[in-house]
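Student: Sequence and predicted structure are below.
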Amino acid sequence: MTLRTLFVILTMSWSLTACANDDSPAGRQPENAPSEEETPDPKMISGKMRVKIAGEDLYISAKLNAKNDILYWFKKCMFNQLYTFYRVGTIANNMPQPTNIPDATPSYVLNLSYSDNIGPFNITGHGWCGGNHPYIDEETQTAHNVNYQISLDGKITTENTLTLVDNIQIRAINHIMNPAEPETINEKTVLNNVLCIETVDYNIQRNNIQVTVSHEFQNEKPVIVQMYYGMQSMFEKETHTLTVNGKYADWTLQEGVSTFNKKEFPLMRCFIEKNADAYQSSYLFDEGLGKHTDITDDDIIFIGNSNGKTYHKIIANKSYKKGDIIHWSGVYTWFKSPIIDDVDLLCYEGMINNQRVLFIDCKKKIDKQVILSDYVNLTFKIKEKSASITIPNSKIMPSGIKVIAEGPGSCILILD
């Protein structure tokens, strides 16, 4: 065999190997992509989110951690077909960028809105309206979506698209109809009068959905809102619940979770649930209805283990009429693994107002150094904390930060 013949055979072999490995642009993996056994350096994980808009369906993928993505699906759903997050789930992905198939079916479903996630009103003597609730005839809608608007990186988007972005905001405007003023037209019950205009703003920030809700009442004749929950949880298959500054200061089996009132635990504004796969935090901000001024000391402030749902309660037996405006804000945060979850405290990362934050929830009296290896040399400011907690540091050192708690309580650190 001549050298020329050998060279031709080797060239053909290399070509066949390249074809077998699909080295075309469509099949080629990113340079230095991790193998299935490898994971990217956490510092290299993208903070961007991938968005797919297909008609009225909005799909989002974002990195949850080095090995997993979180998937969101916004659509019109529930009985009243209101635009909100319908499904939240996770899928394995060890690439540094979020999956380019944001409409993939999750491996694990964490939240499914077959019932309310943003709560309805219960009007005394007239039943529920809004959210997933029909009128008392079980047929008539009690709310309608007027419109919704999706903004990607500050620009309103109306076309189908698949793109990578830094910021996603959604505004949904709904009319909640007045069940106290039903009409009968052609032997059919209709609700034609608007009780209130509901404006819901969603700000999606990686593993967080921050929600701001306002209601502008339109009814000339006052109505009594018997109860309004506002921030609710449809977390799937929860096994344990922890209430920050509440009755369940440590993980409590779901079957043992019930209710408690404002008098006992007036500072409770956050609950965390966990299942076999992940965690969900529902943190109500200390503003508007989140201050709990529209419930009395004897009212229930927290409801758990109720038909598979968990609630904040923020209104009880209050009168509203045209001109009244109410609002609340909060953030849902999902995570696969907390930074710390031991006998002393729970610590996890989230985002508030597009800023990274650390939630530290003390389960009991402690005085210890809390090691935060992935945050060394970062400085922080305290957003809020329980009076019982002291953190003398303002920078995270290799030895951690000092946390002193006289008992159960919480603090939120804004990372600089």
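Tutor: Looks like it came in fine.
Student: so who does the most centrally placed residue in the chain touch?
Tutor: Centroid check for the chain by CA atoms, centre = their mean gives Tyr332 as the closest residue, at 2.8 Å. Counting by CB atoms under 8 Å, 6 or more residues apart in numbering, Tyr332 makes contact with 111, 208-211, 233, 280-283. Quick note: C-beta positions are derived from backbone N, CA and C, even for glycine.
Student: Give me the buried entries from those.
Tutor: Listed as buried from the contacts of Tyr332 are 111, 208-211, 233, 280-283; burial here means 16 or more other CB atoms under 10 Å.
Student: can you redo those as TSV with pLDDT?
Tutor: Output for the buried ones among the contacts of Tyr332, formatted as TSV (pLDDT from 0 to 100):
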residue	pLDDT
Asn111	93
Asn208	98
Ile209	98
Gln210	98
Val211	98
Ser233	94
Gln280	97
Ser281	98
Ser282	97
Tyr283	98
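Student: From these, which land in strands?
Tutor: Under the assignment DSSP state E, the buried ones among the contacts of Tyr332 contribute 111, 208-211, 233, 280-283 to strands.
Student: So which of the buried ones among the contacts of Tyr332 is the closest to Ile197?
Tutor: Val211 (16.6 Å; CB to CB).
Student: burial of the nearest residue to Gln205 once chain neighbours are set aside, as a residue count?
Tutor: The spatial neighbour of Gln205 that comes closest, neighbours along the chain excluded (CB to CB, 6 or more residues apart in numbering), is Met351 at 4.1 Å. Other residues within reach of Met351, judged by other CB atoms under 10 Å, total 20.
Student: mind listing the helices for the chain?
Tutor: Under the criterion DSSP state H, the chain carries helices at the ranges 3-20.
Student: Same question for stretch 383-395: list its buried residues.
Tutor: 383, 385-386, 388-389, 391, 393.
Student: Now it: average pLDDT?
Tutor: Averaged across stretch 383-395, pLDDT comes to 95.
Student: so what are the domain limits for the chain?
Tutor: 115-335, 340-415 (automatic domain parsing).
Student: next one: stretch 370-378 to chain centre, how far?
Tutor: Centroid separation for stretch 370-378 versus its chain: 25 Å, with CA atoms, centre = their mean, to the nearest Å.
Student: With stretch 177-197 instead?
Tutor: That offset, for stretch 177-197, works out to 32 Å (CA atoms, centre = their mean).
Student: ditto for stretch 176-195
Tutor: On CA atoms, centre = their mean, the centre of stretch 176-195 falls 33 Å from that of its chain.
Student: hmm, who's touching that stretch?
Tutor: Against stretch 176-195 from outside (CB under 8 Å, 6+ apart): 120-121, 123, 125-130, 135-137, 139-144, 175, 196-198, 215, 217-219, 221, 223.
Student: Can you redo the domains of the chain as TSV, where the extra columns are distance to Ala66?
Tutor: As requested, the domains of the chain are exported to TSV (distance: least, CB to CB, whole Å):
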stretch	distance to Ala66
domain 115-335	13
domain 340-415	11
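Student: Out of those domains, flag the one nearest Gly47.
Tutor: Nearest of the domains of the chain to Gly47, taken as CB to CB: domain 115-335 at 6.4 Å.
Student: so Val190 bridges to which residues?
Tutor: Glu183 (DSSP bridges).
Student: Ok, the one 4 residues further on next?
Tutor: Beta-bridge pairing of Val194 under DSSP bridges involves Met177.
Student: could you measure it against Tyr229, distance?
Tutor: 21 Å (CB to CB, to the nearest Å).
Student: Please identify the buried residues of stretch 252-272?
Tutor: 252, 254, 257, 260-262, 265, 267-272.
Student: ok, and the closest non-adjacent residue to Glu139?
Tutor: The nearest residue in space to Glu139 (CB to CB, 6+ apart) is Thr189, at 7.4 Å.
Student: nope, Asn353 is what I meant
Tutor: Among residues not flanking Asn353 along the chain, Gln210 sits closest, at 7.3 Å (CB to CB, 6+ apart).
Student: need the contact list for the one you found.
Tutor: 202-204, 329-332, 351-353.
Student: If I look at the nearest residue to Ile295 once chain neighbours are set aside, what pLDDT would I see?
Tutor: Excluding the flanking residues, the one nearest Ile295 by CB to CB, 6+ apart is Ala316, at 4.5 Å. You'll see Ala316 listed with a pLDDT of 97.
Student: is Ala316 in a bridge, and if so with what?
Tutor: Met227.
Student: residues near it, how many?
Tutor: Number of residues near Ala316 (other CB under 10 Å) recorded here: 20.
Student: isn't it right next to Thr296, touching?
Tutor: Yes. Ala316 sits in contact with Thr296 when judged by CB atoms under 8 Å, with a separation of 6.8 Å.
Student: tally of neighbours for the residue nearest to Glu139?
Tutor: 14.
Student: how close does it get to Tyr135?
Tutor: 6 Å.
Student: swap in Phe335?
Tutor: For Phe335, the distance to Tyr135 - CB to CB - is 39 Å.
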